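Peer 1: coords please:
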Amino acid sequence: MSSERIPASTASGTPGDSAAEVHRHFPTWLALVIGVACGALVAVQSRINGELGRRLDDGFTAAAISFGSGLVILLVVLCFWRPGRVGLGRVRRALRPNEHGQRELRPWMLLGGLGGALLVAAQGLTAAVLGVALFTVAVVAGQTVSGLILDRIGLAPGGRRPLTVSRVLGSTLALVAVGWAVSAQLGGGVPLWMLVLPLVAGVFVGWQSAVNGRVRAAARSAQSATLINFVVGSAALVAIAVLRNSVIGWPSAFPSEPWLYVGGAIGCIFIAMQAALVRVTGVLLLGLATVSGQLVAALVIDMLFSAQGVAFSTIAGTTLALIAVVVASGWLNGVWGGRRTP
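Peer 2: Next comes the predicted model:
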């Protein structure tokens, strides 16, 4: 079993194998392309969960339905997918201390599902009011800040990544983009907490991708890591929905359209891809690639379906956020004649 374990130093932030070694097996550019595609799926999920929350007039129940349906899908897959079951056994062993009293995984690393639960709850509570584009741009700020910090700490399995000029500049541009995008809503009829909640959710989404990447590395199975994520998130959301609705009351009727209930399936794909890719890209770059896909898809969705239309500030903020992705990725280093940081 020792050959399967990440060295104990990894648990404290020192990588057991360098990010460069991982890059030789899977190119960063391909990981970023997949991240962009996953981000587009999250924008669709935001639209679905936001509409379900609006129809039910209950964002918490909508979130519990989304996460719970994803959990059911993963449990069915687990019955037929032996590597997923083997991966759960590896996770259990990784939680045990070795002869030196060190663990490959700390118990709190299994709680990444709380970050996903917060994002889905934010979708159900605010996305229908803010619009998918504005909701998505608000999530960007949280993901950007947490990604920068978590990469510096080295929480993700790829290890520590330096604070290069391109990363700091890209993160700063992303935060400016958020301020620009929400400027039309400040002082208007939208409560401040609706703008803050997606931002906080974005912070925890960055943390979620890092710890899920740890679990995936220990399990050697993205399906195992995704299942653990959904068990934790579903438990939290169902408990909140039950407590809230036992006092306020349950929704009187549930919509019949099937498309309103596929948010959980989309979440399964997104979390599995995050857990698999974060080792290659790091938290910040994966977050920014995902965000770029979210922003473009969200803008298209709002242009097609939003009755209120899309404010110019939201379009401009989205464009600036996409520029931030390019800058933070370091792709412009070659154009400027600079050197890439190893």
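Peer 1: tell me the first helix or strand C-terminal of whichever strand or helix holds Ile34.
Peer 2: Assessed by DSSP states H and E, Ile34 sits inside helix 28-56. The C-terminal neighbour of helix 28-56 among helices and strands, as given by DSSP H and E, is helix 59-80.
Peer 1: where's the closest residue to Leu199 other than its chain neighbours relative to Ala201, distance?
Peer 2: With sequence-adjacent residues excluded and distances taken as CB to CB, 6 or more residues apart in numbering, Leu199 is closest to Gly142, at 4.6 Å. (Each C-beta comes from the backbone N, C-alpha and C, glycine too.) As for Gly142, its distance to Ala201 is 6 Å (criterion: CB to CB, to the nearest Å).
Peer 1: could you give the separation of whichever strand or helix holds Gly87 from the chain centroid?
Peer 2: Gly87 is located in helix 82-94, with elements delineated by DSSP H and E. How far helix 82-94 lies from its chain's middle: 23 Å, per CA atoms, centre = their mean, to the nearest Å.
Peer 1: so what does the helix or strand that that helix is followed by touch, helix or strand wise?
Peer 2: Where DSSP H and E defines the elements, the next helix or strand beyond helix 82-94 is helix 113-122. Judged by 3 or more CB pairs under 8 Å, 6 or more residues apart in numbering; DSSP states H and E, the packing partners of helix 113-122 are helix 59-80, helix 132-153, helix 192-219, helix 222-248, helix 263-305.
Peer 1: touching helix 113-122 from outside, list them.
Peer 2: 45, 49, 59-60, 63, 66-67, 135, 139, 197-198, 200-202, 204-208, 228-234, 236-237, 240, 263, 267, 271 (CB atoms under 8 Å, 6 or more residues apart in numbering).
Peer 1: among the helices and strands packed on helix 113-122, which is nearest Gly101?
Peer 2: helix 192-219 (17.5 Å; CB to CB).
Peer 1: let me know the average pLDDT across the closest one.
Peer 2: Helix 192-219 shows a mean pLDDT of 86.
Peer 1: buried set for it?
Peer 2: Neighbour counts using 16 or more other CB atoms under 10 Å place 194-195, 197-219 of helix 192-219 among the buried residues.
Peer 1: ditto for stretch 299-316
Peer 2: Buried residues in stretch 299-316, counted by 16+ other CB under 10 Å: 299, 301-302, 310-311, 313-315.
Peer 1: mean confidence for that stretch?
Peer 2: Mean predicted confidence for stretch 299-316 is 77.
Peer 1: which residues are in contact with that stretch?
Peer 2: 43-44, 47, 131-134, 137, 180-184, 318.
Peer 1: gap between that stretch and the chain center?
Peer 2: 23 Å.
Peer 1: still on that earlier bit, ranking the helices and strands packed on helix 113-122 by burial, who's on top?
Peer 2: helix 132-153 (a mean of 26; mean count of other CB atoms under 10 Å).
Peer 1: and the end-to-end length of stretch 118-129?
Peer 2: One end of stretch 118-129 to the other measures 17 Å (CA to CA, to the nearest Å).
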